[in-house]
Each structure stands twice: as structure tokens, then as C-alpha cells.
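[1] Fold the following.
(2 chains)
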Amino acid sequence: MLSIKNLHANIDDKKILKGINLEIKPGEVHAIMGPNGSGKSTLASVLAGREDYEVTEGTVEFAGKDLLDLSPEERAGEGLFLAFQYPVEIPGLSTTNFIKTAVNEVRKYRGEEPLDAVAFLKLMKEKMAMVNIDQSLLSRSLNEGFSGGEKKRNEVFQMAMLQPKLAILDETDSGLDIDAIRIVANGVNKLRSKDNAVLVVTHYQRLLDYIVPDFVHVLYNGRIVKSGPKELAFELEEKGYDFIKNEFKVEA
Amino acid sequence: MNNLEYIKERYNQLPSINDLNGLGVIRQKAFEALNKMGIPTTRHEEWKYTRIGSFFNKEYQYQANQSTVSANELSAVRLPGYEQANEMVYINGRYSPELSVIRSKGLTIQPLQEAARNEYKDIVSKHLGHSSNYLKDGIMALSTAFVQDGVFVHVKKGQIIEHPIYIYNITDARQANVLAQPRTLVYVGENAQVKFVETFNTLGTQESFTNRVIEIVVEKDAITEYYKIQTDASHASQVATTHIQQIGKSYTHTVTVSLNAGLVRNNLNIVLDEQYCEAHLYGIYLQQGQSHIDNHTVVDHAKPHCESNELYKGMLDDQSTGVFNGKIFVRQDAQKTNAYQSNKNILLAEGASVNTKPQLEIFADDVKCSHGCTIGRLDDESLFYLRSRGISESTARSLLLHGFAVDILEQIKLAPIREYVDKLISERLEFDLA
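    Numbering: from 1, shown residues only, chains lettered A, B, ... in the order given. Model prediction:
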């Protein structure tokens, strides 16, 4: 589904990603872990199409398309979703109007008819129940004055509404207490199926207690330096990132 | 002959002072002031960024025939909800009793000339022309020099005027360039409530220039809402002055919506002249093409314990230009004043510009005041957030800009007018409301 080959990316001429290789197949959950500054969020941003980054080398194929050639909205249309580390507050735009516009623009991209008011409401109610989000939150301006937990729950709700093939969770656990992490993770787990995949980007292992990965990759200094089964996350948690840093010191 | 010379000639043709029921003195003084000051140029501090001199270098018809606008033509510019509204119609600056509809009890409308000599004469002599204390320039004097054409609106004490008052300023520029000077004095009696909505429309393709002055006196325990909607043609320009004097503990709420026209200069003055007055001032402007919008506001805290809240927001596209100048005076007596002011602008094109200048002049020492202004572009991160959800760049821009306007829209408390303005703004932003 997603095939990243030798991906290099810069921001303001500073090299951040220095040759990433990663294959994700439908039904899989991958976790990318790594110390601060290793390039985790950059990878998430480059995949979603944030314009601050310049891809200098490599390819990314997503669902048979050259991902890097698509605009952010086209990527969403193809089924890519990024749950933001810092969801943006947008005054004056209700979450409901926003998500309705998003759902129908994505449907348009896929050549489907827009949902009418009744069908949209039905879908919304179903997904609200699934991710445990309250109506009162959705009638407010998008993320405006939301708590950290509410913002992240709203991200998962959007994911539920857009039903992506690949969801990238960028540090979704940051700033959340353990109860909020559990609620958000439960939402993500309910959305998992054999046809879609999840890429969890995180600094800590704790989120992976709830969203259990099939593969764990360690990102360090712009490269994936180690990959393994979920047990690798426990090892990292136990030993800290220093053991990675020491092991790969020479290359750094 | 240039316009100003022609206007002066018209002035001299008017009946002599003695015939004008006490309005003569005020007219004479204004005419002298006009001769002395002339039409303001950009050397005048209050007109630094707004150039109106060119409007007076060409020929206009003044006090043009007003019977040229038919009832059908009026219908085309009526506001939603008019079936339930009082309607005041001005054609080429003069009030048309034939086209106007007054439904509400306790609402009296008559020529200023009459009001100046009947039971209202004390009100008229006390309050007419109060705005010239704040606007010392020739354009204000020009209006007052012809004040005998003005209209007096009286809202009776204790009367709640359920039906809003829609004011239509229609200029018929089908035959020639037209200058119009609609002039109104409103008195809102003690414990009365009234809502105004004012619009401007030019018929035809010749140029129009409107020099509008409305003075509103608000008594104790009265509530006044005033909404101005400017959607005129690009060959129509105006200086529109709204002067509100809160002479008793009262509440006023104004929203100024400027969407279209050539050049628009709004003066909004609010004088808080009794303790515990409250005033709310909101504005939204969307400009495109070569249009120019200038909002000059003055809030004068003359007495203690008053509160004023001001928020103006603007979006400027193409080569349009904007000016915001907000003055707040807090007089020495006006302790315990709360005064807030903010102006926020988004520039949508390289060629668009805005000059914003908040000014606080505080002479009291126990007050809470704040002011601020921002000029920026659309936020990239917000745009990326929406696009990452599959929303196209153009729709995302529309959603964000509409969102920027929403808190001003919400200040329009008359539902049919709020929906109407929302529709106008949404159409402009190519934003689908549904």
C-alpha cells in the first residue's frame, strides 16, 4: 500500500530525512519510534504533503500512485490521513460544517455523489458513537478552546468519517493523560480492518500498549536504523534511546 | 463649473434664513465653515489616506428630481423582511414620503423644517449638528449647509418599535452624475427600543456621490441597534457619517458591513455622555478591485462607568485599499471606563493594502483600556490542515475567510439581515453556505 524508497527531505537546506525505506501492507500497524529530532514528524509531514519540506531524493508510492506528485487534498482523496500532533484551531468554522465539506470533497475526488443531509447525519451519528465524541463538541468552532484530549479525539473522529486506507498518527499521545490515550487508542482500534493500515509515530512506548503494532521501526538521524516486532518497543522503553545513539554513534 | 462652485450657487438660491424656522443660523454657519475649510484634502490629518477632492472637480446634479424612481425599482433593492419593516426611502438624498412605509406606533417621521418649529423644536435645536463638534471638515459642513432638506425621526418614550426601520438611500444616476446628501436626526426617547438597517443603491451607470449624515440621540434606558450595509456599485462613492450621542444611561449596538462601492468613508462617532452607558461597534469589510474603504471611528467616554467594545475586521483583495482609524477618548471625569478596541486585517493579494491606526487618549487614571491591530495573510498551517482533509485549496480559503467573518456576522441580531449579509459574504467568497 505504501512503499517508501530512499526518501531524503530537507527543510531550509537542512537535511532531515537521509534515506528512509519502508513498506506498509494493508491490515498492518507500524510504529515509528525515535528520539527527539530524529525526523519522525518530518516523515509524517512529508507523507501528508506539508509544503515546508523539500524532497531531494527517493520515491513514495501510495496505492499505486506517485504520492509526492499529489497535492495534500489529492493525498486525502487517495485515502491518506494525518492525525496532527497539534490540530489547528479554526474560529468561525463549525466542526460539523468542516467535516461535511471534507467528506463531500473526498467523495467528489473519488467520483462519488455527495452525501445528502440525511445520509451525512446518519454517518456522523454512527462515527460519533464509535469514537465516543459528543455532539456539543462538533457544533463548536473547529478545535477552538478544545482541551488536548478533545482535539485528539476530534482527529480520530475525522479519521472515522474519512475512512482512510492509511492513517498516520503523529505523536497523538503527546500531552494526553492515560485516560485520554486509552479513549483515543480505542477509537483507532475500532477503525482498524484488514484493508487499512496505521502508521503510529511516537516518542514513547505507552501508546503502543493500546495500539499494538505489527512492526516497530527506530528512526535515528534521518534513517531507520532498526526494525523488529512489537517487543522492540519494550526494549527501547527499558534501555532508553541512548543505546540506539551509542550503537549508531559512528554513523551519526 | 466645478461641483463645489455649483453647490455654492445652489446654496445661494435657497430661501433666505428667515424662512427656515431656526435652521437658518446653523446653515449659515456651516456654509461659512465650508467656504473657509473647503473639501478636505489628504493634507488634513483625518483624510490622510482618503482622497475625495476629485469628486468635486466634475459636474454633478444636486437636489436632482426624485420622482424618477418607481415603486418597482424600489422593490428591486428592498431588504429581506421588508413586509414587516418600517421603510424610509431617500431618493437622490431627499426623503420620499410616497415610497416610505411607516407601520409602527410611536414612530414619527417629518421634515426637519417642521420639527424645528413644532413640539420637537427643543430637541432639534439642542441636538442637530452635534456631529460637527467631532468632524471639523468641509464635507460635514457641506451636509449641514443643506440641512433644511433633512428628516426628523422621533421614537416615543417607552415605545418598543418591533418592526425594524429600513433606510434605503437610492441615487438615480441614469441621466447624469448625481450628488446626494441625505440627512437625518433621530431621537430615541427614554426607555424606547429601535433597530435601523441602512443601505445604499445607485441606479444607472453615471457616477454618484453620497454625503450621508445621520445623528442619533439616545435617551435614558433606551436601546438602539444600527446596521449599515454598503453594497453599492463601483461607480458610487460615499462619505457616510453616523453620530450617536448617548445622553442617558443607554445601550447601542452598531455593525457596519462594507462589501462594494468605489470609495467609502465611514465616520462613526459615539459619545457616551452619561454614566453606565454601553456601546458596541462592529465592522466587516471585504474589498476587491480598486475599491477603497475607510472606517474612522470615535468613541468618546465623557462620563464614568461606561463600557465600549469595538471590533472591525477586513479582507482586502486585488488592488483595494483600506483605512482603519479608531480613536478612543477617555475624559478626565470618566473614571472606571472599560474601553476595548481591535482591528484585524487579512491581505489577500500583493497589491492590496491597509493603513490601521488605533488611538487612545486617556485623561482619567482609573480605567481599563486596550487596543490592538493586526495585518496578516491567511494562515498556512490552517490552510494545510483543511487541505489534508481533502478540501481543495480554494474551498479551504473560502472556509477560513468565512470563518474570519463569522464573529462579526453573529453581531447582526436581526435574523433576516444576518442571513442576507451572510449570503452576500458567502457569494463573494464563493463559499457554499449549505
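
[2] List the buried residues of whichever strand or helix holds residue A:159.
    According to DSSP states H and E, residue A:159 maps onto helix A:148-162. By 16 or more other C-beta atoms under 10 Å in any protein chain shown, the buried positions in helix A:148-162 come out as A:149-162. Yep, even glycine has a C-beta here, placed from its N, CA and C like the rest.

[3] which strands and helices sit next to it?
    For helix A:148-162, the packing partners by 3 or more C-beta pairs under 8 Å, 6 or more residues apart in numbering or on different chains; DSSP states H and E come out as strand A:80-83, helix A:95-109, helix A:117-131, helix A:135-138, helix A:178-191.

[4] at 7 Å instead, please
    strand A:80-83, helix A:95-109, helix A:117-131, helix A:178-191 (3 or more C-beta pairs under 7 Å, 6 or more residues apart in numbering or on different chains; DSSP states H and E).

[5] Would you mind listing the buried residues in stretch B:279-292?
    Going by neighbour count (16+ other C-beta under 10 Å), the buried part of stretch B:279-292 is B:279, B:280, B:281, B:282, B:283, B:284, B:285, B:286, B:287, B:288, B:291, B:292.

[6] Closest to residue B:235 out of the residues you listed?
    The closest of those to residue B:235 turns out to be residue B:291 (C-beta to C-beta; 11.0 Å).

[7] closest to residue B:125 out of the helices and strands packed on helix A:148-162?
    Of the helices and strands packed on helix A:148-162, nearest to residue B:125 by C-beta to C-beta is helix A:95-109, at 53.4 Å.

[8] does that closest one come close to chain B?
    Yes - counting by C-beta under 7 Å from any C-beta of the partner chain, chain B has neighbours in helix A:95-109: A:101, A:102, A:105, A:106, A:109.

[9] Let's test this: name the helix or strand in the chain with the lowest mean pLDDT.
    If you meant another chain, say so; for now it's chain A. When each helix and strand of chain A is scored by mean pLDDT, DSSP states H and E, helix A:242-247 comes last, with a mean of 79.

[10] not quite, I wanted chain B
    One helix or strand of chain B scores below all others by mean pLDDT, DSSP H and E: helix B:3-13, with a mean of 81.

[11] so how far is that one off the chain centroid?
    Averaged C-alpha coordinates place helix B:3-13 at 25 Å from its chain's average position (C-alpha atoms, centre = their mean, to the nearest Å).

[12] which helices and strands does that helix pack with?
    Partner elements for helix B:3-13 (3+ C-beta pairs under 7 Å, 6+ apart): strand B:61-62.

[13] and the most centrally placed residue in chain A, what are its bridge partners?
    In chain A, the residue lying closest to the centroid (C-alpha atoms, centre = their mean) is residue A:168, at 1.8 Å. For residue A:168, the beta-bridge assignment (DSSP bridges) gives partners residue A:82, residue A:199.

[14] What pairs with the helix or strand hosting residue B:328, parallel or antiparallel?
    Using DSSP H and E, residue B:328 maps to strand B:321-330. In the sheet, strand B:321-330 lines up against strand B:292-301 (parallel), strand B:353-362 (parallel) (DSSP bridges).

[15] These into a markdown table, with extra columns for mean pLDDT?
    Listed next are these as a markdown table, based on pLDDT from 0 to 100:
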| stretch | mean pLDDT |
| --- | --- |
| strand B:292-301 | 98 |
| strand B:353-362 | 95 |
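
[16] Relative to residue B:406, which of those is closest?
    So among the strands paired with strand B:321-330, strand B:292-301 is nearest, using C-beta to C-beta, at 19.3 Å.

[17] any idea of the mean pLDDT in whichever helix or strand comes after the strand holding residue B:328?
    As assigned by DSSP H and E, the chain's next helix or strand after strand B:321-330 is strand B:338-347. Mean pLDDT, computed over strand B:338-347, is 97.

[18] Would you mind pulling the contact partners of the helix holding residue A:159?
    With contacts defined as C-beta atoms under 7 Å, 6 or more residues apart in numbering or on different chains, helix A:148-162 is touched by A:76, A:81, A:83-84, A:87, A:95, A:99, A:102-103, A:106, A:123, A:127-128, A:130-131, A:133, A:137, A:143, A:146, A:167, A:172, A:175-176, A:180, A:183-184, A:187-188, A:191, B:389-390.

[19] Closest one of the buried residues of helix A:148-162 to residue A:211?
    Taking C-beta to C-beta as the measure, residue A:211 sits nearest to residue A:156 out of the buried residues of helix A:148-162, at 10.9 Å.

[20] Understood, closing this out.
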